[in-house]
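Visitor: sequence and predicted structure are below.
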Amino acid sequence: MQRSVHLTVLLSVPLALLFLVAMSQPSVLHYGYIGCFVDGDNSNRDLKGLTGLKTIGPFTDKINLAYFFNVATVTIESCSSLCALGRFRYFGLQAQGFCFCGNSYGAYGAAANSDCQELCVGNSSQICGGPNRNSIYKNFYAPETGLFKRVASTKSMLTTAPGQPENSTYRSQEATVAFECLAACRHSPDCLACAFVQSSRMCRLMRFAAVPSEVASEAQWVWVKP
Ligand SMILES: *[C@@H]1O[C@H](CO)[C@@H](O)[C@H](O)[C@H]1NC(C)=O
Ligand SMILES: *[C@@H]1O[C@H](CO)[C@@H](O)[C@H](O)[C@H]1NC(C)=O
């Protein structure tokens, strides 16, 4: 019963929405500063959400196999947008130019406010943490509407770093029809987009609102949660 309601909702998505070329990311309403926090080392970062990624959306990491993105233009806004691609609740800025994402923070405790006073490389009017210290922020999102947008998956928007398994950014389960795949994604908080592969009857449940290259090559369409 609940499923047929969802199906009706999906079918009523205006046609115009069905052919968006660009993937959309969950929209950030605003972000708020939480405080300065201690980080762990490379093998145990406080915020691990970007582990294994090389590129996502417009962002490319300069360092492989880490937990963060190191881009030349890090600002509070760009780190917020980057982390929105995974609908992460928190983001952290460190040592002038590192951006971290995660759904929790503080495993290593709070730091003195004076520990976070390095200026961001992308905007010298902003503070981007300190050595081994994160300026932690929270992203606030518009509530999910429950509607999915179908987009052509012709362009890969996410690649993994060398040595990382490509499927680390999504998980798979069997599905007989596309709708079953959508329902599975809808009920998984960590699923931001999904793709149904007709030939293998597999459902790819993605952790980011960006298409991994492996999925782009096997599925024609991707459904993105708003
Ligand atoms: C730099 O940061 C300041 C303070 O957050 C902000 O007012 C300004 O708009 C930013 N500049 C750019 C170019 O984004
Ligand atoms: C990724 O693929 C490998 C090999 O096919 C498999 O062993 C592993 O469980 C997969 N990981 C995930 C997260 O699906």
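Guide: Structure's in. What do you need? Ligands and ions are numbered 1, 2, ... in the order given.
Visitor: drop to CA atoms for contacts and neighbour counts, all remaining ones
Guide: OK.
Visitor: my read is residue 180 is in a strand, agree?
Guide: No. Residue state for residue 180 (DSSP: H, G, I helix; E, B strand; the rest coil) corresponds to helix; a strand is not indicated.
Visitor: residues from the chain in reach of ligand 1?
Guide: Proximity of the chain to ligand 1, by CA under 6 Å from any ligand atom, involves residues 123, 125-126.
Visitor: could you identify the buried members of these?
Guide: 123, 126 (16 or more other CA atoms under 10 Å).
Visitor: narrow the residues of the chain next to ligand 1 to those in strands?
Guide: 123, 125-126 (DSSP state E).
Visitor: out of these, who's nearest residue 159?
Guide: residue 123 (26.8 Å; CA to CA).
Visitor: pull up the gap between the closest one and residue 200, please.
Guide: 47 Å (CA to CA, to the nearest Å).
Visitor: try residue 116
Guide: Residue 116 is 50 Å from residue 200, by CA to CA.
Visitor: quick one, which of those two is more surrounded?
Guide: It is residue 116, of residue 116 and residue 200, that has more neighbours when counted by other CA atoms under 10 Å, with 26 against 11.
Visitor: could you find the closest non-adjacent residue to that one?
Guide: Counting by CA to CA, 6 or more residues apart in numbering, the nearest residue to residue 116 once its immediate chain neighbours are dropped is residue 129, at 4.2 Å.
Visitor: the one you found touches residue 91, doesn't it?
Guide: No. Here residue 129 lies out of contact with residue 91, judged by CA atoms under 8 Å, at a distance of 11.4 Å.
Visitor: residue ranges in this structure under the pLDDT threshold?
Guide: 1-24, 65 (pLDDT under 70).
Visitor: which helix or strand contains the spatially most central residue of it?
Guide: For the chain, the residue whose C-alpha lies nearest the mean C-alpha position (CA atoms, centre = their mean) is residue 86; its distance is 1.7 Å. Residue 86 belongs to no helix or strand when elements are defined using DSSP states H and E.
Visitor: this completes my enquiry, with thanks.
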